[in-house]
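S.K.: Sequence first, predicted model second:
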Amino acid sequence: MSGILPRGAVCLAVLSMVVGCTSALKEPPPVAEFGASGAQTSAEPLDSGAALAEAEIEFGKMPDFAAVRRAQQLFLEVAGAEEAPVEAYLGAARANAWLIEHIDDGARRKELAIQGVQIGQWCRRLHPSNPECTYRLALAVGQQARERPSTATDGLDVMVELLEEVIATAPELDFAGAQRVLALVLVRAPGWPTGPGDPEYGLEFAEAAVKAFPDYSPNQLVLGETLLEIGRKDEARDALERGVELARAGLTAGDPEAADWISQAEEVLAKIR
């Protein structure tokens, strides 16, 4: 999630697509409602700078669920204020995405997935020149498609369009995150005529992500999954094992998302062994 995207966790969890017919993007509620959903009990005036700093500290405590929830509330409270900085929306998007991947309550995941899309829409609307808003919206649409399958068909098209926009404008964002996620979409989504699934084409994006940031574990993991999907098992194993090696180094260095990366890699490696 650099964040999954958090720096990478959401990227590795994007999609179990089925046919659906509901629009992925609807008019979001007024931005002030974000402040209401994140409102704290203190009667003191909101100090946006202090709240954002506290939110980042809390978010950095992953995998402490309560801390991430606290971070989300703080980010949302700032986002609901007038002239909120883009960091409030991006932070809320990152925290929201992480929570979706770490909560068991399906109904709550669905609520968060809808909220994540709304956050991304407002981020993109209010800060159109910031490519990370587009990127976070793409990730949120992917999570919503999984949690609300009726949005999957339209969501795939929206997601691919947004990711292609980020690749064209900010290809290095989130360690080549748009390439990494688009590779996963092409690997995991249904193929023609239901969806855009095309693992061979996805390999181009997975390889581009690894070429740009070879030492970023999720890039290696996505490359491994893509290679496995097209039957190149030995190369897939090499990439996955390299991804695990990098994730373990990250775990030793205190990266809060590294444990998730290792778990995800082991899941895919189990299909080879």
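M.R.: Cool, the structure landed. Residues are numbered from 1 along each chain as shown.
S.K.: pull the helix or strand with minimum mean pLDDT from this protein.
M.R.: The helix or strand of the chain with the lowest confidence, counting by mean pLDDT, DSSP states H and E, is helix 32-37 at a mean of 72.
S.K.: now the end-to-end length of stretch 58-73.
M.R.: End-to-end distance for stretch 58-73, by Cα to Cα, to the nearest Å: 10 Å.
S.K.: that older thread, following the least confident helix or strand of the chain, which helix or strand shows up next?
M.R.: helix 48-59 (DSSP states H and E).
S.K.: now what about that next one, what contacts it?
M.R.: For helix 48-59, the surrounding residues in contact (Cβ atoms under 8 Å, 6 or more residues apart in numbering) are 67-68, 70-71, 74-75, 77-78, 81, 84-85, 87-88, 91, 94-95, 98. Placement of C-beta: from N, CA and C, glycine included.
S.K.: how about 10 Å then?
M.R.: Residues from elsewhere that reach helix 48-59 (Cβ atoms under 10 Å, 6 or more residues apart in numbering): 1, 3, 6, 38, 40, 47, 64, 66-79, 81-85, 87-88, 91-92, 94-95, 98, 256.
S.K.: which parts of that helix are buried?
M.R.: Neighbour-count burial for helix 48-59 flags 48, 51, 52, 55, 56, 58, 59 (criterion: 16 or more other Cβ atoms under 10 Å).
S.K.: pretty sure residue 246 is in a strand, no?
M.R.: No: checked against DSSP: H, G, I helix; E, B strand; the rest coil, residue 246 lies outside a strand; its state is helix.
S.K.: and the gap between it and residue 210?
M.R.: As judged by Cβ to Cβ, to the nearest Å, residue 246 and residue 210 stand 11 Å apart.
S.K.: shared neighbours of those two, anything?
M.R.: With Cβ under 10 Å, 6+ apart as the test, residue 246 and residue 210 both reach 216, 219, 220.
S.K.: Return the closest of those with respect to residue 228.
M.R.: residue 220 (12.5 Å; Cβ to Cβ).
S.K.: Who are the contact partners of that closest one?
M.R.: Counting by Cβ under 10 Å, 6+ apart, the residues that residue 220 touches are 206, 209-210, 213-214, 238-247, 261, 265.
S.K.: Would you map the helices across the stretch 51-200 of the chain?
M.R.: Applying DSSP state H, counting those that start in this stretch to the stretch 51-200 of the chain gives helices spanning 65-79, 86-101, 106-126, 131-147, 152-169, 173-188, 199-212.
S.K.: need these in CSV with distance to residue 228, can you?
M.R.: Putting the helices of the stretch 51-200 of the chain into CSV (distance: least, Cβ to Cβ, whole Å) gives the following:
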stretch, distance to residue 228
helix 65-79, 31
helix 86-101, 22
helix 106-126, 27
helix 131-147, 20
helix 152-169, 21
helix 173-188, 9
helix 199-212, 9
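S.K.: out of these, nearest to residue 252?
M.R.: helix 173-188 (18.9 Å).
S.K.: mind checking how far that closest one is from the chain centre?
M.R.: 10 Å (Cα atoms, centre = their mean, to the nearest Å).
S.K.: got the CA positions of that helix in PDB?
M.R.: Listed next in PDB are the C-alpha coordinates belonging to helix 173-188 (Å, rounded to 0.1, in the frame of the first residue of the first chain):
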ATOM      1  CA  LEU A 173       4.200   5.600  -8.400                       C
ATOM      2  CA  ASP A 174       4.000   3.000  -5.600                       C
ATOM      3  CA  PHE A 175       7.000   1.100  -6.900                       C
ATOM      4  CA  ALA A 176       5.300   0.700 -10.400                       C
ATOM      5  CA  GLY A 177       2.000  -0.100  -8.600                       C
ATOM      6  CA  ALA A 178      -0.200   0.600 -11.600                       C
ATOM      7  CA  GLN A 179       1.800  -1.900 -13.800                       C
ATOM      8  CA  ARG A 180       1.700  -4.400 -10.900                       C
ATOM      9  CA  VAL A 181      -2.000  -4.200 -10.300                       C
ATOM     10  CA  LEU A 182      -2.900  -4.200 -14.000                       C
ATOM     11  CA  ALA A 183      -0.900  -7.400 -14.400                       C
ATOM     12  CA  LEU A 184      -3.000  -8.900 -11.700                       C
ATOM     13  CA  VAL A 185      -6.200  -7.800 -13.300                       C
ATOM     14  CA  LEU A 186      -5.200  -9.300 -16.600                       C
ATOM     15  CA  VAL A 187      -4.200 -12.600 -14.800                       C
ATOM     16  CA  ARG A 188      -7.200 -12.900 -12.500                       C
END
